[in-house]
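Enquirer: what follows is a predicted protein model with its sequence.
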Amino acid sequence: MELYEVLGWLNVWVYVFLTIKAPLKILNKRLKNKSLMKINSFLTRYHKYLGIFMIIIALAHAYVLGYLFRFNSGTLVLIGVIITSILGVLIRITRNKLVLTLHRLLSIVVLLLMINHIYLPFTFKIS
Ligand code: HEM
Ligand code: HEM
């Protein structure tokens with residue numbers, strides 16, 4: 001496996017660890033399982049670091065490909081992650097529910113952009 005692939009797939013996993021706490025929380029409303037609660041508070045504690053990590057890994061992934069300054073479907077994912085992270089910071093500052101909702105919605109947009117980037121090669125190179 002090439003380094004860019006390792007970094008790209010690593011970022012897919014980082015995405016999973018960033019977002020899985022939402023379905024886990026819903027599930028745990030029914031299960032009320034202590035270990036699940038522990039996993040979720042662990043994920044919450046490291047959430048913001050994972051968000052920053054995702055941006056850094058995406059930049060490294062683009063850099064090793066020589067694509068750092070070339071606009072393509074990966075750039076769209078990166079922009080999505082950056083906007084999502086800015087909203088994440090704003091959740092804490094504003095304590096506004098709407099910002100949290102937008103942050104959640106954007107995480108789904110990021111998923112769609114990732115699927116587009118990885119599985120739809122015909123949209124791959126925009127320029
Ligand atoms: C969170 C952001 C990103 C994720 C999760 C991601 C994920 C991936 C993955 C998993 C692959 C490998 C696909 C395969 O195994 O065939 C890949 C390939 C690639 N990505 Fe990304 N990527 C991201 C951001 C970017 C950015 C910012 C760029 C460039 C500006 C970029 C450019 C590329 C290129 C050029 C390839 C190689 C395609 C090929 O020739 O096979 N990616 N990406
Ligand atoms: C620096 C970056 C980030 C910061 C500061 C941040 C901050 C936050 C905060 C404060 C919350 C609400 C409290 C909580 O449940 O922990 C939250 C929830 C959430 N974040 Fe982030 N976030 C960041 C990046 C991201 C990224 C990149 C994604 C996904 C692409 C993401 C996905 C989510 C999701 C899905 C939730 C809802 C969780 C739930 O419903 O319990 N976050 N984030």
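Expert: Good, I have the coordinates. Ligands and ions are numbered 1, 2, ... in the order given.

Enquirer: residues touching the nearest residue to Thr44 once chain neighbours are set aside, list them.
Expert: Excluding its sequence neighbours, the residue lying closest to Thr44 (CB to CB, 6 or more residues apart in numbering) is Lys21, at 6.3 Å. Quick note: C-beta positions are derived from backbone N, CA and C, even for glycine. Neighbour list for Lys21: 40, 43-44, 47 [criterion: CB atoms under 8 Å, 6 or more residues apart in numbering].

Enquirer: which of those are buried?
Expert: Buried members of the contacts of Lys21, counted by 16 or more other CB atoms under 10 Å: 40, 43.

Enquirer: and of the contacts of Lys21, the nearest to Val110?
Expert: Nearest to Val110 among the contacts of Lys21 is His47, at 14.3 Å by CB to CB.

Enquirer: Val6 versus the residue nearest to Thr44, what's the distance?
Expert: Lys21 sits 25 Å away from Val6 when distances are taken as CB to CB, to the nearest Å.

Enquirer: kindly report the same for Thr94.
Expert: For Thr94 relative to Val6 (CB to CB), the value is 37 Å.

Enquirer: again with Arg104
Expert: Arg104 is 29 Å from Val6, by CB to CB.

Enquirer: tell me which parts of the protein are close to ligand 2?
Expert: Residues of the chain lying near ligand 2 by CB under 6 Å from any ligand atom: 15, 18-19, 21-22, 25, 44, 47-48, 51-52, 54, 81, 84-85, 88-89, 91-92, 100, 103-104, 107, 110.

Enquirer: mind running it again at 5 Å?
Expert: 18-19, 22, 25, 44, 48, 51, 81, 84-85, 88-89, 91, 104, 107, 110 (CB under 5 Å from any ligand atom).
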